[in-house]
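In: Output the structure for:
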Amino acid sequence: SDLVNTVSPTYADEVRTPRFGCGLDGLLRQLGGRFRGILNGIDYPAWDPEIDPSIPQPYARERFHLKVENKLELQREFRLPRNERAPLFGYIGRLVEQKGVDMILDILPRLMDRPEVQVILQSAGDLRLERVLRDLAAANPERIAVHTAYDEARAHRIEAGCDAFLMPSRFEPCGLNQMYSLRYGTLPVVHRTGGLADTVVHASPEALANGSATGFLFDEPTSDALWGAMQQALALYRDHPDQWRAMALTGMAQDFSWEHSAAEYERVYAEALEQRRLAVSAA
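Out: As a prediction, the model looks like this:
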């Protein structure tokens with residue numbers, strides 16, 4: 001190949017290491033600048049809170065205050081107490097180790113020590129983990145809600161109704177749900193890896209000050225690191241609601257559309273064609 005690409009710039013760096021390369025890291029390192037990372041896009045007409053037919057209350061950046069109506073309806077749908085002030089965290093994904101679900105399970109008891117927190121999970125996969133989730137939900141019926149099957153319309157309602165979205169993947173070549181979350185003003189809590197690192201700006205003091213923050217990142221794929229990010233998110237939600245809202249609006253303003261990604265592909269294809277033309281001319 002004249003050029004090779006994968007689905008995010010950070011993942012392109014990661015797969016050139018023995019940890020993520022699965023034996024191909026040496027070959028990928030040899031490609032040098034011929035190996036690139038271009039983020040996948042998301043289908044903005046299908047994931048647009050202003051026109052989404054799956055959510056009970058459409059909203060936009062200019063009408064962000066309407067988002068809370070989706071939260072109250074989501075709480076009703078999952079039989080959680082309707083409370084607009086309760087920080088509501090969501091998760092949508094497979095029950096597999098790669099997605100870091102075990103880390104979520106590890107921190108759920110600590111979250112249950114925070115009486116205001118609610119968690120909604122839509123997930124399926126490992127049957128043992130499904131049973132663990134159902135047991136946790138049964139033991140905490142006003143705090144944890146679980147749906148162990150995928151439902152596209154319900155996924156839209158979770159994105160629209162939650163305050164924050166959990167995505168602690170151990171590795172994630174690109175990821176889509178964090179971009180859906182940004183589009184819906186739902187702050188992502190993510191492990192700093194692959195496309196997650198390329199799409200979410202951590203709420204550091206500097207990023208909060210300059211208005212670029214869009215979520216919460218943690219560096220190591222461990223339960224304690226995830227819990228640290230959760231503590232920061234909970235403190236910001238409780239103590240600085242204006243900053244939380246500003247982060248949500250910044251996330252909604254990002255462009256992760258396929259139009260943006262397609263333009264990147266066009267540039268790469270044009271470069272490949274030009275390199276081939278020069279190689280043929282030199283021959």
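In: The protein: helices as residue ranges?
Out: According to DSSP state H, the chain carries its helices in the segments 9-14, 18-21, 25-31, 67-77, 101-112, 127-139, 152-161, 177-183, 194-199, 205-210, 223-239, 241-252, 258-282.
In: now the residue lying closest to S212 once chain neighbours are set aside: how far from G23?
Out: Leaving aside its sequence neighbours, S212 sits nearest to V201 (Cβ to Cβ, 6 or more residues apart in numbering; 5.1 Å). For every residue, glycine as well, the C-beta is placed using N, CA and C. From V201 across to G23, the span is 33 Å (Cβ to Cβ, to the nearest Å).
In: The two: which is more packed in?
Out: When V201 and G23 are compared for neighbours, V201 comes out ahead with 21 against 7, by other Cβ atoms under 10 Å.
In: Can you tell me how far I92 is from S169?
Out: From I92 to S169 the distance is 12 Å (Cβ to Cβ).
In: Hmm, G211 and the residue nearest to S212 touching each other?
Out: No. Between V201 and G211 there is no contact under Cβ atoms under 8 Å: 9.9 Å.
In: so what sits against both of these two?
Out: Common contact partners of V201 and G211 (Cβ atoms under 8 Å, 6 or more residues apart in numbering): T250.
In: Disregarding residues adjacent in the polypeptide, which is nearest to D151?
Out: Nearest to D151 is Q122, by Cβ to Cβ, 6+ apart, at 6.9 Å.
In: how close does the one you found get to V146?
Out: Relative to V146, Q122 is positioned 8 Å away (Cβ to Cβ).
In: Please apply the same query to Q231.
Out: Distance from Q231 to V146, by Cβ to Cβ: 23 Å.
In: Give me the more crowded residue out of those two.
Out: Per other Cβ under 10 Å, whichever of Q231 and V146 has more neighbours is V146, with 19 against 14.
In: Please tell me how far A149 sits from R94.
Out: Taking Cβ to Cβ, one finds A149 at 12 Å from R94.
In: Looking at these two now, which is surrounded by more residues?
Out: R94 (14 against 9).
In: So what's the residue count around the closest residue to the more buried one other than its chain neighbours?
Out: Spatial nearest neighbour of R94, chain neighbours left out: G125 (4.5 Å); criterion: Cβ to Cβ, 6+ apart. Residues within reach of G125, counting by other Cβ under 10 Å, total 15.
In: Return the residues in contact with G125.
Out: 94-96, 101.
In: got it, and A153?
Out: With Cβ under 8 Å, 6+ apart, A153 has these contacts: S54.
In: Tell me what I42 is bridged to.
Out: Note on I42: beta-bridge partners S257, judged by DSSP bridges.
In: where are the low-confidence patches of the stretch 151-283 of the chain?
Out: Within the stretch 151-283 of the chain, no stretch has pLDDT under 70.
In: Kindly recompute the last result at 80.
Out: Residue ranges of the stretch 151-283 of the chain with pLDDT under 80: 283.
In: Quick check: the most centrally placed residue in the chain vs I92, distance?
Out: Closest to where the C-alpha atoms of the chain average out (Cα atoms, centre = their mean) is Q178, at 2.0 Å. Plainly put, Q178 is 11 Å away from I92 if you go by Cβ to Cβ.
In: hey, what's in contact with both of these two?
Out: Between them, Q178 and I92 share the contacting residues F165, judged by Cβ under 8 Å, 6+ apart.
In: what's the burial count for R63?
Out: Counted with other Cβ under 10 Å, the neighbours of R63 add up to 12.
In: circling back: shouldn't the residue nearest to D151 be in contact with H156?
Out: No. If you go by Cβ under 8 Å, Q122 and H156 don't touch, sitting 10.9 Å apart.
In: quick one, what contacts the residue nearest to the residue nearest to the centre of the chain when sequence neighbours are not counted?
Out: Leaving out its chain neighbours, the residue that sits closest to Q178 by Cβ to Cβ, 6+ apart is P188, at 4.3 Å. Residues near P188 by Cβ under 8 Å, 6+ apart: 164-165, 167, 177-178, 181-182, 196, 200, 214-216, 251.
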